[in-house]
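In: have a look at this prediction, sequence included:
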Amino acid sequence: MSIKTFSVVLAGALLISLVGCSSPAPEVSTAPSSSAVAPEETPEAEASLPVLSDDDLQAVFTDLQFVPDQFASTGELMDSIYPGLTASDLSCLAPFGVGWDSNTALVSASLEYGTSNDRSMTAVVASTGDADAASTLVAEASDAITRCAEGSDIFEMQGKAVTTTVEQTTPTLTGTDEALGWTVTGTVSGSPFTLVGLTARVGGNVVALVGWDPSTNETYVPLATQMFVDAL
């Protein structure tokens, strides 16, 4: 075999060897890849929470021996129990539910407020359909309790300074998503008083309940609030 012939045979053998050792070429597909056609997966939108109608809330009030649809505003409600009560900062009355009826974030909410049949307690209930909006009401009440805790320059009643001391309490309610409690003691014109309040959230519903009668408020307010929570 000549050198020239040997070289040709060797080159052919090397070519065959290289082709045999290499991986086969991938098949070319004309179909678009799944990443090109599949939409990006996004979590399903949370279902909105139910909003109780005005009639539903009025029925709750009636069943729990509270009088619905008594007053034109939450401010009028407060004035019926605490005549002449004013605050240098109205947000300090958030734990009473005052201002919920003028809160622009609650324009689509149902709202009911009134006193108990014996007028020893007030209740304000908002059904917002939104857990965040409802939670904001609880946060505003908590903030007010902290900011407006003590002093004689925040509240006046019939032109007389009201000196107050606020103690936060831990509610023993069941079935709530959030809850806070407070007790206010103080004097007005030398006369002592005690208020007991609870604010509780259930989903998108919030109740703010306050009792003023010292002979009943420590017992009645938790019981009444629990009944509202159960009904909501």
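Out: Perfect, thanks for sending it. These numbers were taken from a predicted model, which means no experiment stands behind them. Residues are numbered from 1 along each chain as shown.

In: count of residues packed around residue 132?
Out: 9 (other CB atoms under 10 Å). Yep, even glycine has a C-beta here, placed from its N, CA and C like the rest.

In: quick one: contacts for it?
Out: Applying CB atoms under 8 Å, 6 or more residues apart in numbering to residue 132 gives no contacts.

In: same deal with residue 91?
Out: Contacts of residue 91 (CB under 8 Å, 6+ apart): 99, 140, 143, 144, 147.

In: switch to 10 Å and redo it
Out: Contacts here follow CB atoms under 10 Å, 6 or more residues apart in numbering; on that basis residue 91 touches 98, 99, 140, 141, 143, 144, 147, 148.

In: now residue 157
Out: 82, 83, 84, 85, 86, 188, 189, 191, 193.

In: re earlier: quick one: buried ones out of the contacts of residue 91?
Out: Neighbour counting over those (16 or more other CB atoms under 10 Å) leaves 98, 99, 140, 141, 144, 148 as the buried ones.

In: in CSV, list those along with distance to residue 220.
Out: Putting the buried ones among the contacts of residue 91 into CSV (distance: CB to CB, whole Å) gives the following:
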residue, distance to residue 220
98, 20
99, 24
140, 24
141, 19
144, 22
148, 24
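
In: so can I have CSV of the residues you listed showing pLDDT and secondary structure?
Out: Shown next, in CSV, are the buried ones among the contacts of residue 91 (pLDDT from 0 to 100; DSSP: H, G, I helix; E, B strand; the rest coil):
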residue, pLDDT, secondary structure
98, 95, coil
99, 93, coil
140, 95, helix
141, 95, helix
144, 92, helix
148, 85, coil
